[in-house]
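**Student:** All I have is the shape, not the residue letters:
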């Protein structure tokens, strides 16, 4: 297995140019008066540390917990020094019309598309349902046998479902990306490092619009599968 610190840095470096939009909740934080690149540098360092921790635990034979509490822990680790008010905190609150939704944007073939996350009222139920489904898949693997393709399918489904739920006010992509690494490690693979973030973004966009003309998880499954060693 690749040295855990090298793999962690390779993984985190993919976000070197991934800066929060100036209008995002994180960018509006009172602590975000520093240069955006400096803020991102601190977050990337935190991502390094999280992956190194994952590697150490996996090498010690520990199965990393895949559940809402672990996702919150990841988010807190990533953002506690840059955006402490929102670090590790699921979205909460209501407006005059009812439960708040989280609006976010994805790009499909370079075109921005606005999507909405799960409403506050359904957020915790949807999270529990997502993780319950993940563990059902794992139990089926243990019963029926696994394959690289199956691991890619399970990983892609869980990653896309969590991004669609959008449990945090901001920082969802990076937190869910880190959780994806825990899933991959639990299955005995090395962390996934996508060199082409544009292809990743398009795959995510297509996986997050059920019912849309171009909806498909296959591009995301293929992208993850390639990183796991699956050809084609």
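**Tutor:** All right, it came through fine. Since the structure is predicted, the reported quantities are computational estimates derived from the model, not experimental observations. Numbering: from 1, shown residues only.
**Student:** Can you say which helix or strand has residue 42 in it?
**Tutor:** Per DSSP states H and E, residue 42 falls inside helix 36-59.
**Student:** how close does the residue nearest the centre of the chain sit to residue 164?
**Tutor:** Note on the chain: the residue nearest the mean C-alpha position is residue 176, at 1.7 Å, using CA atoms, centre = their mean. Computed as CB to CB, to the nearest Å, the residue 176 to residue 164 distance reads 10 Å. All C-beta atoms are positioned from the backbone trio N, CA, C, and that covers glycine.
**Student:** returning to what we had before: go ahead and confirm the residue nearest to the centre of the chain touches residue 160.
**Tutor:** No. Counting by CB atoms under 8 Å, residue 176 does not reach residue 160; the two are 9.0 Å apart.
**Student:** what sits in contact with each of those two?
**Tutor:** Here residue 176 and residue 160 share no contacting residue, scored by CB atoms under 8 Å, 6 or more residues apart in numbering.
**Student:** elements contacting the helix holding residue 42?
**Tutor:** helix 4-12, helix 68-79, helix 172-186 (3 or more CB pairs under 8 Å, 6 or more residues apart in numbering; DSSP states H and E).
**Student:** Show me which residues of that helix are buried.
**Tutor:** Within helix 36-59, the residues that count as buried by 16 or more other CB atoms under 10 Å are 39-40, 43-44, 46-48, 50-55, 58.
**Student:** Compute the inter-axis angle for that helix and helix 172-186.
**Tutor:** Helix 36-59 and helix 172-186 are oriented at 20 degrees to each other (axes from the mean of the first three to the mean of the last three CA atoms, to 10 degrees).
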